[in-house]
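> okay, predicted coordinates and the sequence, questions at the end:
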Amino acid sequence: MNIVCIGAGYVGSVTAAAFAVLGHTVTVIDLDPRKIEAIRAGTSPIYEPGLQELLHECAGTTLFASHDYDAVGRASVVFICVGTPSKADLTADLSYVKEAARTIGRHLNPDHYTVIVNKSTVPVGTADLVSSLIEETSGLTSGKDFDVVSNPEFLREGYAVEDVFYPDRIIIGTDSSRAKTVMRSLYGPVLNREGYEMLRGAVPAPGTRPPAVWFESGTKSAELIKYASNAFLAVKISYINEMARLCETLGADVTDVAKGMGLDSRIGHKFLEVSSGWSGSCFPKDTAELLATSRKYGCEQSITAAAVEANDRMLLYCVSKVQSRLKSLPGKTVGLLGLTFKPNTDDARQTQAQVMARQLESLGARVKVHDPQGMEMFRRLNPDLAVEYCESPEQVLAGADAAVLLTHWDCYLAMDWESARPAMKVPYLLDTRNVLDSRKMLQWGYVYEGLGK
Ligand SMILES: NC(=O)c1ccc[n+]([C@@H]2O[C@H](COP(=O)([O-])OP(=O)(O)OC[C@H]3O[C@@H](n4cnc5c(N)ncnc54)[C@H](O)[C@@H]3O)[C@@H](O)[C@H]2O)c1
Ligand SMILES: O=c1ccn([C@@H]2O[C@H](COP(=O)(O)OP(=O)(O)O[C@H]3O[C@H](CO)[C@@H](O)[C@H](O)[C@H]3O)[C@@H](O)[C@H]2O)c(=O)[nH]1
């Protein structure tokens, strides 16, 4: 099939590479010339494990990149994978989706049927909006010349390649049987887990993951499934983080509590890992949009609202731990390890580190930071922060009065903490992920604190 992906970001570049490796002819379109150049050269425009290998395999043979929309006229399927960040009023900014829809309309081929698939996370009703914008600029008729399908994406950054080939479910929101047939044929190899042979071991062996579930619904339900899923996961994390604070007060251990809870198959172990809170380019904006829309329709999602509040409180609680340990922050140096919202990504949009660095600076502390992949984006997104960017975690610890481990990158787990300790002015370490060996850290002279213990 001839496929187009509009947007070469975290979703678009992985989606495009995956379908290209499965043998389709794919053109990825972006406005950013650096991303186009990178894909053409077979190099990854983002840091995502496994993506580089996929791009290397298909760039220039089945995968092409362009800044113009000409390939839309040849495509049977056009994916929309552009960003939907929050606007000032916290609703989703649909300007990129609308612009993409209008431009697709100007390039659609009237001589053949096209399916336009929205993968961006968008408010309920956006598929209908996209459909009417395409009708406006193409002069074609929805349901006859083209259909718009809602196909929300559930990939996780850091595991995006694995998730695209081995999704839990594929949600297809459309009433058009013609569009459903096209989508089923496109996703056939993914449903049948056929990607493995072609990927030469880049993803888990067949049989190690349960089969994907194909689920059809109306467009509105499909759009809401995405927000409902993200909000539910955010609730789960906020729940365990709040429980962690209770554990500290009562003398229980949240790791044991989470393990014990997770043994109930109705609850499960996933998303019960303690942290300073959830963050990143999805949960904050998606919970905000869900709340804004639900309020607009007089149907506030109070559980999601509580999860957001608890999440904000959790981060302030971590700041207060540092503050109470150091007594006063002016003149003190605090090191932050981890600027991305999770390991194995360079994505530094809306992270815990961003909020914590701001809080600490406003309280008078000097802040030093390190991240193995996220420093460039963090610096670009936070030009007003006066933080010192360090080349190594050891450099962050040197001379610091306190350090906070925010993101559990492997390099922080593997570093020589024993040798790094003497360089700290005060060896206080707050491990917000509970990933370091507390016994060893204490033995090496750290004033070590986890969360919920
Ligand atoms: N990042 C994730 O893990 C993830 C997972 C699932 C769903 N989503 C959703 O998918 C969407 C995309 O997310 P992302 O993280 O990939 O975004 P991103 O910001 O990384 O990438 C979006 C890309 O679209 C390009 N773009 C914008 N307008 C364009 C236009 N008119 N024509 C061509 N290109 C255009 C931008 O230049 C950018 O490269 C969002 O709605 C997001 O919520 C993201
Ligand atoms: O037990 C946990 C699990 C996660 N987190 C944090 O929660 C945030 C989100 O983590 P994760 O969900 O793994 O990252 P994303 O890549 O943002 O993926 C989420 O957001 C995507 C964009 O919508 C969806 O596609 C995915 O299904 C959904 O998991 C990060 O800050 C994590 O550190 C925790 O604190 N504890």
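Arrived safely. Residues are numbered from 1 along each chain as shown. Ligands and ions are numbered 1, 2, ... in the order given.

> in the stretch 351-453 of the chain, what residue is nearest ligand 1?
Nearest residue of the stretch 351-453 of the chain to ligand 1, counting by C-beta to the nearest ligand atom: residue 377, 10.4 Å away. (C-beta placed from N, C-alpha, C; glycine too.)

> who's in contact with that residue?
Contacts for residue 377 were tallied using C-beta atoms under 8 Å, 6 or more residues apart in numbering; they are 346-349.

> residue 300: which of those is nearest?
Nearest to residue 300 out of these is residue 349 (C-beta to C-beta; 26.1 Å).

> so who does that closest one touch?
Counting by C-beta under 8 Å, 6+ apart, the residues that residue 349 touches are 280-281, 341, 377, 381.

> apply 7 Å and report the result again.
Neighbouring residues of residue 349 by C-beta atoms under 7 Å, 6 or more residues apart in numbering: 280-281, 381.

> of those residues, which ones also sit close to ligand 1?
When contact is defined as C-beta under 6 Å from any ligand atom, the contacts of residue 349 meet ligand 1 at residue 281.

> which non-adjacent residue is nearest residue 221?
Leaving aside its sequence neighbours, residue 221 sits nearest to residue 173 (C-beta to C-beta, 6 or more residues apart in numbering; 6.3 Å).

> circling back to that earlier point, so which of the contacts of residue 377 is the closest to residue 265?
Of all the contacts of residue 377, residue 265 sits closest to residue 347, with 32.0 Å by C-beta to C-beta.

> does that closest one belong to a helix, a strand or coil?
Recorded secondary structure, residue 347: coil (DSSP: H, G, I helix; E, B strand; the rest coil).

> can you check residue 116 too?
Applying three-state DSSP: residue 116 is strand.

> need the three-state assignment for residue 367.
Quick answer, by three-state DSSP: residue 367 is strand.

> if we can go back for a sec, which of the contacts of residue 377 are close to ligand 2?
Okay, of the contacts of residue 377, nothing touches ligand 2 (C-beta under 6 Å from any ligand atom).

> top of the residues you listed by neighbour count?
In terms of neighbours by other C-beta atoms under 10 Å, the contacts of residue 377 top out with residue 348 at 27 neighbours.

> isn't that residue right next to residue 381, touching?
Yes. Counting by C-beta atoms under 7 Å, residue 348 does reach residue 381; the two are 6.1 Å apart.

> now residue 221: which helix or strand?
Residue 221 is part of helix 219-250, with elements assigned from DSSP states H and E.

> what's near enough to touch the residue in the chain that ligand 1 sits nearest to?
In the chain, the residue that lies nearest ligand 1 is residue 9 (1.9 Å; C-beta to the nearest ligand atom). Contacts were defined as C-beta under 7 Å, 6+ apart; by that measure residue 9 touches 46, 81, 83.

> let's see that with 10 Å instead.
30, 32, 35, 45-46, 81-83, 120, 281, 347 (C-beta atoms under 10 Å, 6 or more residues apart in numbering).

> now residue 119
Residue 119 makes contact with 5-7, 11-12, 15, 79-82, 149-153, 155, 226, according to C-beta under 10 Å, 6+ apart.

> could you report the distance from it to residue 183?
Residue 119 sits 12 Å away from residue 183 when distances are taken as C-beta to C-beta, to the nearest Å.

> any common contacting residues for the two?
Residues touching both residue 119 and residue 183 (C-beta under 10 Å, 6+ apart): 149, 151.

> sketch out the strands for this protein, chain order is fine.
2-6, 25-29, 63-66, 77-80, 114-118, 146-150, 169-173, 213-217, 333-337, 366-370, 388-389, 402-405, 428-431, 447-449 (DSSP state E).

> tabulate those strands (a markdown table), appending mean neighbour count, distance to ligand 1 and mean pLDDT.
Listed next are the strands of the chain as a markdown table, based on neighbours: other C-beta atoms under 10 Å; distance: least, C-beta to the nearest ligand atom, whole Å; pLDDT from 0 to 100:
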| stretch | mean neighbour count | distance to ligand 1 | mean pLDDT |
| --- | --- | --- | --- |
| strand 2-6 | 27 | 5 | 98 |
| strand 25-29 | 26 | 5 | 98 |
| strand 63-66 | 22 | 10 | 98 |
| strand 77-80 | 27 | 9 | 98 |
| strand 114-118 | 27 | 9 | 98 |
| strand 146-150 | 27 | 12 | 98 |
| strand 169-173 | 20 | 12 | 97 |
| strand 213-217 | 14 | 17 | 97 |
| strand 333-337 | 26 | 22 | 98 |
| strand 366-370 | 23 | 22 | 98 |
| strand 388-389 | 14 | 22 | 98 |
| strand 402-405 | 26 | 23 | 98 |
| strand 428-431 | 22 | 25 | 98 |
| strand 447-449 | 18 | 31 | 98 |
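
> contact partners for the closest residue in space to residue 328 that isn't next to it in sequence?
Sequence neighbours aside, residue 364 is the residue nearest to residue 328 in space, at 7.6 Å (criterion: C-beta to C-beta, 6+ apart). When contacts are counted by C-beta under 10 Å, 6+ apart, residue 364 touches 328-332.

> out of the residues you listed, which comes closest to ligand 2?
Using C-beta to the nearest ligand atom, residue 329 comes nearest to ligand 2 of the contacts of residue 364, at 24.6 Å.

> quick one: neighbours of that closest one, just the number.
Residue neighbour count, defined by other C-beta under 10 Å, stands at 21 for residue 329.

> sounds good, over and out.
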